[in-house]
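Participant: what follows is a predicted protein model with its sequence.
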Amino acid sequence: RIETIQKIVTDSSHSFESSPSSAFSPKSPSNSNDIIEELLAEDATTLRKVVLHFAYLFSVRQDEMRSKMNELYHFSHEAGALINTVRKAMGVDTTCPLSTVSRRVVDAVHAECSHCGSVALPNRFSSSRIVN
């Protein structure tokens, strides 16, 4: 059953949309077999609730769910890679909270704008509005 599910999930005949900036193909998690086994052990009612919750959260129809899941999977990996690149460029640990990274990026942009004589950013980008 696991092989059948993996084939369905990875079947290239099922297209999905990814971000245009996607420069990589994320791999399945190393524990995907365990995850699939756990899902197969669940009753249909529980799985139906999960599917309905996903459809509600992302306003997708049944035929759009797989595409949306793939889109979210790619987006989350791209966003995570970008955040880690910014952390590395800033010289902070990979465990540095995203709120701190965001605040430092906004502060750096403000400093660069004032240094170059550029017009200040609107207040909605002020780092004082970012909460840890």
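Facilitator: Thanks, I have the structure now.
Participant: mind checking the end-to-end distance for stretch 81-97?
Facilitator: End-to-end distance for stretch 81-97: 14 Å, by C-alpha to C-alpha, to the nearest Å.
Participant: near Thr85, how many other residues are there?
Facilitator: 10 (other C-beta atoms under 10 Å). (Glycine included, C-beta is placed from N, CA and C.)
Participant: next SSE after the helix or strand encompassing it?
Facilitator: In this assignment (DSSP states H and E), Thr85 forms part of helix 65-90. Using DSSP H and E, the helix or strand that follows helix 65-90 in sequence is helix 98-116.
Participant: what mean pLDDT does that next one get?
Facilitator: If you average the pLDDT over helix 98-116, you get 86.
Participant: and the angle from it to helix 65-90?
Facilitator: Orientation check (axes from the mean of the first three to the mean of the last three C-alpha atoms, to 10 degrees): helix 98-116 against helix 65-90 gives 60 degrees.
Participant: any regions of this protein where pLDDT drops low?
Facilitator: Within the chain, the segments meeting pLDDT under 70 span 1-29, 117-132.
Participant: Thr85 and Glu42, how far apart?
Facilitator: Computed with C-beta to C-beta, to the nearest Å, the distance linking Thr85 and Glu42 is 37 Å.
Participant: am I right that Val101 is in contact with Val92?
Facilitator: Yes - with contact defined as C-beta atoms under 8 Å, Val101 counts as touching Val92 (7.0 Å).
Participant: from His110, how far off is Ala55?
Facilitator: 40 Å.
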